[in-house]
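> Following is a predicted model, sequence given first.
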Amino acid sequence: MRISDVEAALRMRVNLRRRQLMRCLLNEASEGVQSNAELQFRKECAKRGFPPPRLQNRHSIGSRHRYTDAEFTSTTGRLVMVEIDGVGHMEIGGWHADIVRHNDLAAQTGAVVLRVSAQQLRDEPDRFFDRLGQALNF
């Protein structure tokens with residue numbers, strides 16, 4: 001089902017409880033947000049006056065396609081990528097794949113690739129956003 005299908009159904013149900021919340025979530029999804037951690041990341045960026053991140057960006061690395069959670073262009077023109085790791089990334093297989101992916105992205109694009117866990121976004125975001133600000137020269 002596409003977002004436009006859900007939006008059309010929502011327009012037909014004017015008395016639906018939490019209709020406004022559903023509209024907000026659909027808007028976030030249409031802009032690339034795929035998890036609560038990514039939504040929290042966008043809110044933290046806005047709170048700090050950072051530019052809006054570009055979400056779910058596709059990169060071709062060899063014959064594979066890689067997607068990044070968020071990207072920015074620094075004031076010096078450098079590409080800064082952010083990977084947001086939920087609990088699934090903590091399992092050994094996922095962790096290993098993330099390392100390979102991180103290295104592929106950094107080596108092939110020349111970008112700075114920063115990683116942040118969903119837990120850090122929730123519990124101590126300042127430390128990460130200080131580093132992101134440095135990478136962006138913000």
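Noted; the coordinates are in hand.

> what's the next secondary structure element after the helix ranked longest in the chain?
As assigned by DSSP state H, the longest helix anywhere in the chain is helix 92-109. Following helix 92-109 in sequence order, the next helix or strand is strand 112-117 (DSSP states H and E).

> hmm, back to that, helices and strands around the longest helix of the chain, which ones?
Contacts defined by 3 or more Cβ pairs under 8 Å, 6 or more residues apart in numbering; DSSP states H and E place helix 92-109 against strand 54-61, strand 64-73, strand 79-85, strand 112-117. Placement of C-beta: from N, CA and C, glycine included.

> if you average pLDDT over the shortest one, what comes out?
Strand 112-117 shows a mean pLDDT of 94 in the predicted model.

> how far is it from where the chain is centred?
10 Å (Cα atoms, centre = their mean, to the nearest Å).

> got the CA coordinates for the following helix or strand past it in CSV?
The C-terminal neighbour of strand 112-117 among helices and strands, as given by DSSP H and E, is helix 118-123. Output of helix 118-123 as CSV, limited to C-alpha atoms (Å, rounded to 0.1, in the frame of the first residue of the first chain):
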residue,chain,number,x,y,z
ALA,A,118,18.6,5.2,19.2
GLN,A,119,19.4,5.0,22.9
GLN,A,120,21.9,7.8,22.7
LEU,A,121,19.3,10.0,20.8
ARG,A,122,16.9,9.3,23.6
ASP,A,123,19.2,9.5,26.7
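
> From the contact counts, what lies against helix 118-123?
helix 36-47, strand 79-85, helix 125-136.

> Which residues in it does the neighbour count mark as buried?
118, 120, 121 (16 or more other Cβ atoms under 10 Å).

> Pick out whichever of those sits closest to residue 61.
Taking Cβ to Cβ as the measure, residue 118 is the one of the buried residues of helix 118-123 closest to residue 61, at 24.5 Å.

> any idea how far the closest one is from residue 84?
7 Å (Cβ to Cβ, to the nearest Å).

> what does residue 137 give?
22 Å.

> out of those two, which sits in the more crowded spot?
residue 84 (22 against 11; other Cβ atoms under 10 Å).
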